[in-house]
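Q: What shape does this take:
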Amino acid sequence: MRLVTALLFSVISIAAPSFHLPDDILPRKYTVDLTIDPSKDTFEGVVRIDVEMKKSADHIWLNAKDITTLEASVGKQKARAEAVDDEFLDLALDSPAGPGRATISIRYQGKLDANSVVGPYRKKVGDDWYVFTTFTPIDARRAFPCFDEPRFKAPWEMTIHTLRDLKAFANGRETQITDEPGGMQAVHFATTEPLPSEVVAFAVGPFDVFEGAKAGHGTPIRVLTPRGLGEEGRAAAQATVDVLPRLEAYTGIPYPFGKLDHVALPEGAFGAVENPGLITYREKGLLAAPEEETPQKTRAIRSIESHEIGHQWFGDLVTQAGWEDVWLSEGFATWFSAKVMDQEQPPARKHLLAVASRERIMAFDDSPRTRPVRAAMNSREDTKNVYARVVYDKGASILLMLDGWLGEDRVRNGLRAYLKDHRFGNATTADLESELRGATGIDPSPVMDAFLNQTGIPVIHGEVRCDSAAPKIEIEQTNAEHHWNVPVCWRADGSQTTCTVLDAPHAQVGLASCPTWIYLNAGGTGYYRTAWTAAQLSALDVSKLTAAERMTLVGDLKALKSSMDVSATLTKLASDTEPEIAKAATDALQ
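A: Next up is the predicted model:
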């Protein structure tokens, strides 16, 4: 019986993780040494990981993919390394290590696939080879054995050995270059702040470097391009000078990663990736030849940069603890970018573009293809949907709703506390809710959880009752298949905004007087539809609505078109001076 038990324990102890690594070993620092020749399809690496072991173990699990381990040790003890399930590396020890501090050392060989755009990969531009990286969400494990989940943050110190006629870049600033035999050089980089593996990055090749002016609180700015395209980085460098101070002003925190390089990729898995200090972009989204530096093009560059630089606070400085909360990165960057770009708009257009984006995601969220903003990730297949547009755009729309309900200044104060309290660490949705509760005195959890964890859109109807000495508005949710806690904000006769949280199917709220008309989504910030009656539409003074409210009205009427005649109001909106509203209204009339 004892033998059976021992064998069973042995089998259990070496079983590979299903997807997530165990919590009993934590990385505290990575030291990475890479030898890279972009003209070759493999590279050599040595990684040392200082870890804290919560308990003793004779098997240590790391993430690794497409890596050949040449030698491994834990402390002074050699380890037997075995690749398992194409995602993990099992380091088996003769004697248990830990608890306490230990250093894992692994010498290995990795691939530089010219036909890929994930992990470390190489691309030929003209006659030149370059190496780039795209690690998010789970492909840092192709570059080095590591703890490849966002909750495992640690500082990274990197050295890259390459040919002397090439340049090398990483997240940290370059600290030293030393010549080596055989025409090689070693490029040493400063140790980074704690980072999750998915936003670690490096690049090697004969890059042109456009040196921009320093931005914000003195951050050095560079644009890295394939050979011959350096001057096309001018607009991107200027865009950083324009947008980075706005981000610093909102967060109250200077850019936290020292230097900021923008890398132009000939091909990329994503439009851009927010690697701290080394943001990568598809070339067409970042570069502009002198004749292409039109207002429209330069605004597009500022917009994508404001998203990626916004990530430096939301996603990099404070990282989501798990992939289910990736909205804390992508939803925030989308919302943050819209807020920053609103500063270039006349006040009358405030929130207009954010509302237009929300209308598009509402159409998706009202379809069978939708998914919740928060969704667990338990396999590589699951992670193919980790960056679904609903995470970006519905996440951003929920933040817009919080601004409208709780107040922009109070939300900003809550977010500043969130960034300060979780600086260089991880956070969850519950952590954010706690910080907003402290800053506003209102618990946003029932509202946020309802919208983040469910699909679909609440439909709200309101009726003003003036048949008594105490006028009131009766509010109801008309689609009851789901229950949302909905912050409903309204304006009556163009007056100031009033809000209430509809946490039951019906509610009554007293009014100071009887209004001529009422608009049930003040500022157009709420993530819900308003169900209008013909009488309410007839009484509504469209000219008194903001552009964001008019765009929201178009969306509501389009949704209601099958049940009532809204053509007169849509025709009026189709003549709007704002082209986005006019086009949306015209499309709704078709």
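Q: Would you mind listing where this protein has pLDDT under the threshold?
A: Applying pLDDT under 70 to the chain picks out residues 1-14.
Q: if you set the cut-off to 50 instead, what comes out?
A: Where the chain drops to pLDDT under 50, the residues are 1-13.
Q: How is it partitioned into domains?
A: When the chain is parsed with automatic domain parsing, its domains come out as 25-205, 207-249+256-288, 318-453, 459-589.
Q: Phe19: which of the ones you listed is closest?
A: Closest to Phe19 of the domains of the chain is domain 318-453 (Cβ to Cβ; 5.0 Å). All C-beta atoms are positioned from the backbone trio N, CA, C, and that covers glycine.
Q: Now the phi/psi pair for Gln77, please.
A: Per-residue torsions, Gln77: phi -100, psi 130 (degrees, to the nearest 10).
Q: Quick check: it touching Asp94?
A: Yes - the pair Gln77 and Asp94 passes the contact test of Cβ atoms under 8 Å, sitting 7.0 Å apart.
Q: Looking at the two now, which is surrounded by more residues?
A: Just comparing Gln77 and Asp94: by other Cβ atoms under 10 Å the higher neighbour count belongs to Gln77, 15 against 9.
Q: So what pairs up with that one in the strands?
A: Beta-bridge partners of Gln77, counted by DSSP bridges, are Val74.
Q: Quick one: residues contacting it.
A: Contact analysis of Gln77 by Cβ atoms under 8 Å, 6 or more residues apart in numbering lists 93-95, 97.
Q: Which one of the domains of the chain lies nearest to Ser18?
A: Nearest to Ser18, of all the domains of the chain, is domain 318-453, at 7.1 Å by Cβ to Cβ.
Q: how long is the closest one from one end to the other?
A: Criterion Cα to Cα, to the nearest Å; first-to-last residue distance in domain 318-453 is 22 Å.
Q: Where do the helices of the stretch 151-300 of the chain begin and end?
A: 234-251, 283-286, 295-310 (DSSP state H, counting those that start in this stretch).
Q: and the shortest one, what other elements does it pack with?
A: In terms of contact count using 3 or more Cβ pairs under 8 Å, 6 or more residues apart in numbering; DSSP states H and E, helix 283-286 is assigned the packing partners strand 260-265, helix 295-310.
Q: Top of the contacts of Gln77 by number of neighbours, please.
A: Sorting those by how many neighbours each has (other Cβ under 10 Å) puts Ala97 first, at 22 neighbours.
Q: How much space separates it from Ser563?
A: The gap separating Ala97 from Ser563 is 68 Å, by Cβ to Cβ, to the nearest Å.
Q: which of the contacts of Gln77 sit farthest apart?
A: Maximum distance among the contacts of Gln77 (Cβ to Cβ): 10.2 Å, for Asp94 and Ala97.
Q: what do those two both touch?
A: With Cβ under 8 Å, 6+ apart, Asp94 and Ala97 have common neighbours 58, 77.
Q: Quick check: chain neighbours aside, which residue is closest to Arg529?
A: Spatial nearest neighbour of Arg529, chain neighbours left out: Val459 (4.6 Å); criterion: Cβ to Cβ, 6 or more residues apart in numbering.
Q: Which among the helices of the stretch 151-300 of the chain is found nearest to Ala507?
A: helix 234-251 (33.7 Å).
Q: tell me how far that closest one is from the chain's mean position?
A: 18 Å (Cα atoms, centre = their mean, to the nearest Å).
Q: So what touches that helix?
A: Taking Cβ under 8 Å, 6+ apart as the rule, helix 234-251 contacts 210-217, 219, 221-223, 254-255, 260, 262, 286-288, 290, 293, 297-298, 301-302, 305-306, 309-310, 312-313, 336, 339-340, 343, 412, 415-416, 419.
Q: Could you tell me which of these count as buried?
A: Neighbour counting with 16 or more other Cβ atoms under 10 Å marks 210, 212, 215-216, 219, 221-223, 255, 260, 262, 286-288, 298, 301-302, 305-306, 309-310, 312-313, 336, 339-340, 412, 415-416, 419 as buried within the contacts of helix 234-251.
Q: Just the strands from the stretch 401-550 of the chain, written as ranges.
A: 425-427, 459-465, 472-477, 486-492, 498-502, 506-510, 518-519, 529-530 (DSSP state E, counting those that start in this stretch).
Q: okay if I get those strands as CSV plus distance to Ile361 and mean neighbour count?
A: Formatted as CSV, these follow (distance: least, Cβ to Cβ, whole Å; neighbours: other Cβ atoms under 10 Å):
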stretch, distance to Ile361, mean neighbour count
strand 425-427, 24, 18
strand 459-465, 16, 18
strand 472-477, 20, 19
strand 486-492, 17, 23
strand 498-502, 21, 17
strand 506-510, 27, 12
strand 518-519, 22, 24
strand 529-530, 13, 24
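Q: who wins for proximity to Phe132 among those?
A: strand 425-427 (26.8 Å).
Q: And that closest one, what does it pack against?
A: Checked by 3+ Cβ pairs under 8 Å, 6+ apart, strand 425-427 has strand 318-320 packed alongside it.
Q: in the helix or strand hosting Ala72, what's buried?
A: Counting by DSSP states H and E, the element that carries Ala72 is strand 67-74. By 16+ other Cβ under 10 Å, the buried positions in strand 67-74 come out as 67, 69, 72-74.
Q: Closest to Gly441 out of the residues you listed?
A: Val74 (50.3 Å).
Q: Help me confirm that the closest one comes into contact with Arg101.
A: No - if you go by Cβ under 8 Å, Val74 and Arg101 don't touch, sitting 11.3 Å apart.
Q: And the strands of the stretch 401-550 of the chain: which comes nearest Trp405?
A: strand 486-492 (3.8 Å).
Q: which other helices and strands contact that closest one?
A: helix 389-406, helix 445-453, strand 459-465, strand 472-477, strand 498-502, strand 518-519.
Q: Go again with 10 Å.
A: Under the contact definition 3 or more Cβ pairs under 10 Å, 6 or more residues apart in numbering; DSSP states H and E, strand 486-492 sits against helix 389-406, helix 445-453, strand 459-465, strand 472-477, strand 498-502, strand 506-510, strand 518-519.
Q: Put the alpha carbons of it into CSV.
A: The C-alpha coordinates for strand 486-492 follow below in CSV (Å, rounded to 0.1, in the frame of the first residue of the first chain):
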residue,chain,number,x,y,z
VAL,A,486,-27.9,50.7,-14.6
PRO,A,487,-26.8,54.2,-13.7
VAL,A,488,-29.4,56.3,-15.6
CYS,A,489,-28.6,59.9,-16.0
TRP,A,490,-31.0,62.4,-17.5
ARG,A,491,-31.5,66.1,-18.5
ALA,A,492,-34.9,67.7,-18.4
